[in-house]
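Visitor: no letters, just coordinates:
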């Protein structure tokens, strides 16, 4: 089956008045299944009228909204290949993808994104037509979506079924999309995913996750990221109501929309946990005590679930009371209907997962790359806080001689667009080389232990995997972000970003102050506090892995600052370059540990 077949089946099976909704505190706009099908037909016919042929690329730069999905499916029915990109790209990055993909049609949603797109397309002869969603946006030679759909109306009036002909000629092996990896290093690579790759992964996810027609799912991760896109395909194909929201509106949408599920990345869940704990800390002492007691009881119950053992009699008595007094109130603050959520894109701290499980909200951590689609995921009846679950039906993983995770199966990509060399390098004997290190535990769950390219090799030749150590450090509530450094150095050091609000609160209670936050970080009491946090981590490490020196940074790593990818993963090399002088100072003999 192709994505076109998936769409047709969903429309025929799951008709509803609100298939998709664009939500904000100010505006709510619903799109029915019937309207969705009509607009896909109109836009697809219009793309054909503009000359789009099988295999032609359509670049899309847009925030999550119904028109994103309409453009995706319309491109499929026109026989084209969608090239979705992050709205946060610079003009130079966007130009590279436009040029490399050879997109003939480029689509933007708003005036600012249109302006960026036009700047990037300047001088590129391959782009034949630019289209914009918003009627208020305009520029010379740019067509509005409504105008292209009007062209489609003319085609449909002459030949109602002609727009379906390109899709009828599609095969599972045909490329459906080229997704340019955001990448923590180097130039982005255009990952070619076929219809078969995507549809097989959707079918496998349907077998292991619980999607219901009465579900409501938030969609706020960028749709150009494979995690959210696959999730939305799963939702639409099962009749789940999809609600598009901005990340900054998520807290309000939880209460207003009352979703039952959504995918997220670890940073989203970390921030949510921090917010809940901050609200508990702000309660009067009696209520604070009750909440902390209830959380402890919830943790006991969560441990039973993770260890697959029955709770004892006393726990069965305590838990309903804890839930009524505190845990249920927290869930109501998140809408009160969440059944489970999914985490992907980066390792999820086990403490965060266990915290939400204590609250009665399971987080299912999964694993996969753009190149592999989803390879593994935890199940509601087989959960773990330290693994990424068993593989999906049809997917296979094995470990290379150096512990690298190798994968194969129907979801593995076709390779990199126009890059034979890197495609060949990515495969060994038919297995895709993920670049991640891992192991398989005694339950058959996959455990990620690090990133092959991010291994630090000290000047003494010792190899250190920073990811696992960083995850341990992040379990402390006073640490917001951390990056280990030390490649080619005599020892490992750390850049630590404190949790500003919590540190300031603790210092205030202990009478430690300073005129500015930067100066607060230089106080000996604060240095000693974080020294103890790192010493606690060091106790579990081999001597060569231990952190000898550290620097406290006053500002968080952000997408705007360039330290994070659009999926909120830290760009290790960028951070090392940006803080080069700080890092160098940690390797001078005079620097205090």
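Guide: Okay, I see it. Everything quoted here is computed from the prediction, not taken from an experiment.
Visitor: got the phi/psi numbers for residue 29?
Guide: Main-chain torsions, residue 29, degrees, to the nearest 10: phi -130, psi 120.
Visitor: how far away is it from residue 153?
Guide: Distance, residue 29 to residue 153, by CB to CB, to the nearest Å: 22 Å. Where you see a C-beta, it was placed from the backbone N, CA and C, and this is true even at glycine.
Visitor: try residue 494
Guide: Distance, residue 494 to residue 153, by CB to CB: 61 Å.
Visitor: more neighbours: which of the two?
Guide: More crowded of residue 494 and residue 153, by other CB atoms under 10 Å: residue 494, with 25 against 13.
Visitor: state the next helix or strand along the chain beyond the host helix or strand of that one.
Guide: Using DSSP states H and E, residue 494 maps to strand 492-498. The element immediately downstream of strand 492-498 (helix or strand, assigned by DSSP H and E) is helix 500-509.
Visitor: helices and strands around that following helix, which ones?
Guide: Secondary-structure packing of helix 500-509 (3 or more CB pairs under 8 Å, 6 or more residues apart in numbering; DSSP states H and E): helix 266-281, helix 517-520, helix 524-538.
Visitor: and the shortest one, how far out from the chain middle?
Guide: Relative to the centre of its chain, helix 517-520 is centred 32 Å away, using CA atoms, centre = their mean, to the nearest Å.
Visitor: mean confidence for that helix?
Guide: The average pLDDT for helix 517-520 rounds to 95.
Visitor: same question for stretch 218-226.
Guide: 95.
Visitor: can you give me the end-to-end distance of that stretch?
Guide: End-to-end span of stretch 218-226 (CA to CA, to the nearest Å): 15 Å.
Visitor: and stretch 484-493, by the same measure?
Guide: Counting by CA to CA, the terminal residues of stretch 484-493 are separated by 6 Å.
Visitor: from the chain's centroid, how far away is that stretch?
Guide: Chain-centre distance of stretch 484-493: 29 Å, with CA atoms, centre = their mean.
Visitor: quick check, residue 472 in a helix?
Guide: Yes: using DSSP: H, G, I helix; E, B strand; the rest coil, the assignment for residue 472 is a helix.
Visitor: what about it, how many neighbours?
Guide: Quick note: residue 472 (other CB under 10 Å) scores 19 neighbours.
Visitor: isn't it up against residue 540?
Guide: Yes: proximity of residue 472 to residue 540 meets the contact threshold set by CB atoms under 8 Å, at 6.8 Å.
Visitor: look up the closest residue to residue 418, ignoring the ones flanking it.
Guide: Excluding the flanking residues, the one nearest residue 418 by CB to CB, 6 or more residues apart in numbering is residue 100, at 6.7 Å.
Visitor: so the one you found, which state does it fall into?
Guide: helix.
Visitor: contacting residues for residue 172?
Guide: Residue 172 is in contact with 1, 2, 194, 195, 196, 199, counting by CB atoms under 8 Å, 6 or more residues apart in numbering.
Visitor: you'd agree residue 566 is in a strand?
Guide: No: applying three-state DSSP, one finds residue 566 to be coil, outside a strand.
Visitor: wait, it sits on residue 345?
Guide: No: counting by CB under 8 Å, no contact exists between residue 566 and residue 345, whose distance comes to 9.8 Å.
Visitor: what about these two, which has more around it?
Guide: Neighbours per residue (other CB under 10 Å) separate residue 566 from residue 345, with residue 345 holding more: 26 against 17.
Visitor: quick one: the more buried one from residue 434, how far?
Guide: Using CB to CB, we find residue 345 at a distance of 14 Å from residue 434.
Visitor: same question, residue 346
Guide: 14 Å.
Visitor: who has more neighbours, the two?
Guide: Neighbours per residue (other CB under 10 Å) separate residue 346 from residue 434, with residue 434 holding more: 23 against 18.
Visitor: what's the helix or strand for the closest residue to that one other than its chain neighbours?
Guide: Nearest non-adjacent residue to residue 434, counting by CB to CB, 6+ apart: residue 405, 4.5 Å away. For residue 405, the element it lies in under DSSP H and E is strand 404-408.
Visitor: for residue 116, same thing?
Guide: Judged by DSSP H and E, residue 116 forms part of helix 111-121.
Visitor: what does the domain assignment say about the chain?
Guide: 3-170+209-264, 266-449, 455-585 (automatic domain parsing).
Visitor: before we move on, back to that, partners of the residue nearest to residue 434 in the sheet?
Guide: With DSSP bridges as the criterion, residue 405 is bridged to residue 399.
Visitor: now it: how far from residue 417?
Guide: Per CB to CB, residue 405 is found 24 Å from residue 417.
Visitor: what about these two, which has more around it?
Guide: Set residue 405 next to residue 417 and count neighbours by other CB under 10 Å: residue 405 wins out with 28 against 20.
Visitor: got the contact list for the more buried one?
Guide: Contact analysis of residue 405 by CB under 8 Å, 6+ apart lists 397, 398, 399, 434, 436, 437, 438, 446, 448.
Visitor: assumed the fourth one was part of a strand.
Guide: Yes: the assignment for residue 434 (three-state DSSP) places it in a strand.
Visitor: longest helix anywhere in the chain?
Guide: Criterion DSSP state H: the longest helix present in the chain is helix 285-306.
Visitor: pLDDT weak spots in the protein?
Guide: 182-186, 589-593 (pLDDT under 70).
Visitor: strands along the stretch 351-500 of the chain, start to end?
Guide: Along the stretch 351-500 of the chain, counting by DSSP state E, counting those that start in this stretch, strands occupy 363-369, 373-377, 396-399, 404-408, 415-416, 427-428, 431-440, 446-451, 456-457, 463-464, 479-485, 492-498.
Visitor: which one of the ones you listed lies nearest to residue 112?
Guide: Among these, strand 479-485 comes nearest to residue 112, with 28.5 Å by CB to CB.
Visitor: list the strands paired with the closest one, with their directions.
Guide: Partners of strand 479-485 in its sheet, by DSSP bridges: strand 492-498 (antiparallel).
Visitor: what distance separates the partner strand from the centre of its chain?
Guide: Distance of strand 492-498 from the chain centroid (CA atoms, centre = their mean) equals 24 Å.
Visitor: widest-spaced pair of the contacts of residue 172?
Guide: Largest pairwise distance in these, by CB to CB, is 11.7 Å, between 1 and 194.
Visitor: which of the two has more neighbours?
Guide: A count of neighbours by other CB under 10 Å puts residue 194 above the other of residue 1 and residue 194, at 23 against 16.
Visitor: quick check: the more buried one touching residue 175?
Guide: Yes: here residue 194 reaches residue 175: they are 5.5 Å apart, a contact under CB under 8 Å.
Visitor: need the residues touching each of these two.
Guide: Taking CB under 8 Å, 6+ apart as the criterion, residue 194 and residue 175 both touch residue 414.
Visitor: in stretch 92-102, what's buried?
Guide: Buried residues in stretch 92-102, counted by 16 or more other CB atoms under 10 Å: 93, 94, 95, 96, 97, 98, 100, 101, 102.
Visitor: meant to ask about stretch 372-390, not that
Guide: 372-378, 383-390.
Visitor: for the stretch 1-150 of the chain, which segments are assigned as helices?
Guide: Here the stretch 1-150 of the chain has its helices, by DSSP state H, counting those that start in this stretch, at 3-13, 33-49, 66-77, 91-101, 111-121, 145-158.
Visitor: for residue 354, find the nearest of these.
Guide: Residue 354 lies closest to helix 66-77 among the helices of the stretch 1-150 of the chain, at 34.5 Å (CB to CB).
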